[in-house]
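Chemist: The following comprises the amino acid sequence and a computationally predicted model.
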Amino acid sequence: MSELSGLPSSPAMAFTASDRPEAQFSRARLAKRYGSVPVEEADVIVALGGDGFMLETLHADLRRRTPVYGMNRGSVGFLMNDYDEDDLPARIAAAGQAVIHPLQMDAWNEAGEVTSGLAINEVSLLRQTRQSAKLRISVDGKVRLDELTCDGCLVATPAGSTAYNLSAHGPIIPLDAKVLALTPISAFRPRRWRGALLPHQAKVTFEVLEPEKRPVSAVADSLEVRRISRVDVHERRDVALTMLFDAGRSFEERVLSEQFAS
């Protein structure tokens, strides 16, 4: 559940913005009004953009893990607060925090080289050509699906369950549920398989079948590895990232509302 941010009433703020003109314009106005410090000296990072820029900001600050308060200057803005220039320090001090844990992706290509990355939303495997992908899926070392013929498959965090996972008809997961979503993307065989909910400590392994004929890429948020042969995915509970949401508009409330959206 959300707790108060615990930040001072006048937090030191670093303003960052996406490349969109409206985001850059807002950054200049807010920095002039409230003052801006370097990210390394900030109590909070104010990110101006859309959901993609929120993910970029969290990734860029993985070492310091400064709380991030987003304001929507993009399109979707599910992870962002409404844009309002007034009383910003007070809003941030009164904000609730949502703590999320990313996924670790370890992806091996056909040459046996491994690439690792963190995913805040999801790790997805996607077919690279017109040919469908064929995947074998194991959970904690036990094969659970010998062969999945599909456009792809993904593992989503609770924070990412309302993103690509939801578009692929996966379940919406409350932030404190301690489960992961394993969701197929356009499954062809077995046709009726709709995915699974897994304990958050589960380790998922994907093996690519017929990789030369049916090449597959693996994506951890914005990091893509092409022509992979195997991918391991598990939650990094030791990494905690904090997003801040206005009082009354907590992440939990957004997730609940999304489940009743028409």
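Modeler: Nice, thanks for sending it over.
Chemist: what number of residues lie near residue 108?
Modeler: By the criterion of other C-beta atoms under 10 Å, residue 108 has 18 neighbours. Where you see a C-beta, it was placed from the backbone N, CA and C, and this is true even at glycine.
Chemist: same question, the one 3 residues further on
Modeler: For residue 111, the tally of surrounding residues (other C-beta under 10 Å) stands at 7.
Chemist: mind checking which helix or strand it is in?
Modeler: Using DSSP states H and E, residue 111 sits within no helix or strand.
Chemist: Point out where this structure drops to low pLDDT.
Modeler: 1-6, 262 (pLDDT under 70).
Chemist: Longest helix in it, please.
Modeler: Secondary structure assigned by DSSP state H gives helix 21-34 as the longest helix of the chain.
Chemist: Please tell me I have it right and residue 181 contacts residue 165.
Modeler: Yes - with contact defined as C-beta atoms under 8 Å, residue 181 counts as touching residue 165 (5.3 Å).
Chemist: And those two? Which one has more around it.
Modeler: A direct count of neighbours by other C-beta under 10 Å for residue 181 and residue 165 places residue 165 higher, at 27 against 24.
Chemist: Identify the contacts common to residue 181 and residue 165.
Modeler: 154, 156, 171 (C-beta atoms under 8 Å, 6 or more residues apart in numbering).
Chemist: where do the helices sit along the stretch 101-250 of the chain?
Modeler: For the stretch 101-250 of the chain, the helices defined by DSSP state H, counting those that start in this stretch occupy 164-167.
Chemist: Show me the strands in it, by range?
Modeler: Taking DSSP state E, counting those that start in this stretch as the criterion, the stretch 101-250 of the chain carries its strands at 103-109, 114-119, 122-127, 133-139, 142-150, 152-156, 179-185, 196-199, 204-209, 216-220, 223-225, 228-235, 241-245.
Chemist: Give me the buried positions along the first one.
Modeler: Within strand 103-109, the residues that qualify as buried are 103-109, counting by 16 or more other C-beta atoms under 10 Å.
Chemist: can you pull the contacts of residue 251?
Modeler: 2, 96, 98, 159, 175, 243, 245.
Chemist: actually residue 7, sorry about that
Modeler: 43-44, 67, 92-93, 95.
Chemist: Out of those residues, which is nearest to residue 78?
Modeler: Here the nearest of those to residue 78, counting by C-beta to C-beta, is residue 95; it sits at 16.2 Å.
Chemist: The nearest residue to that closest one once chain neighbours are set aside: neighbour count?
Modeler: Leaving aside its chain neighbours, residue 95 sits nearest to residue 244 (4.1 Å; criterion: C-beta to C-beta, 6 or more residues apart in numbering). Neighbourhood size, residue 244 [other C-beta under 10 Å]: 25.
Chemist: of all the contacts of residue 7, which two lie farthest apart?
Modeler: The span of the contacts of residue 7, defined through C-beta to C-beta, is set by 43 and 95 at 12.1 Å.
Chemist: neighbour count winner among the two?
Modeler: With neighbours defined as other C-beta under 10 Å, residue 43 and residue 95 compare such that residue 95 has more, 24 against 18.
Chemist: For that one, grab phi and psi.
Modeler: phi -70, psi 150 (degrees, to the nearest 10).
Chemist: Looking at the strands of the stretch 101-250 of the chain, spot the one closest to residue 13.
Modeler: Of all the strands of the stretch 101-250 of the chain, the one in closest proximity to residue 13, counting by C-beta to C-beta, is strand 241-245 (11.4 Å).
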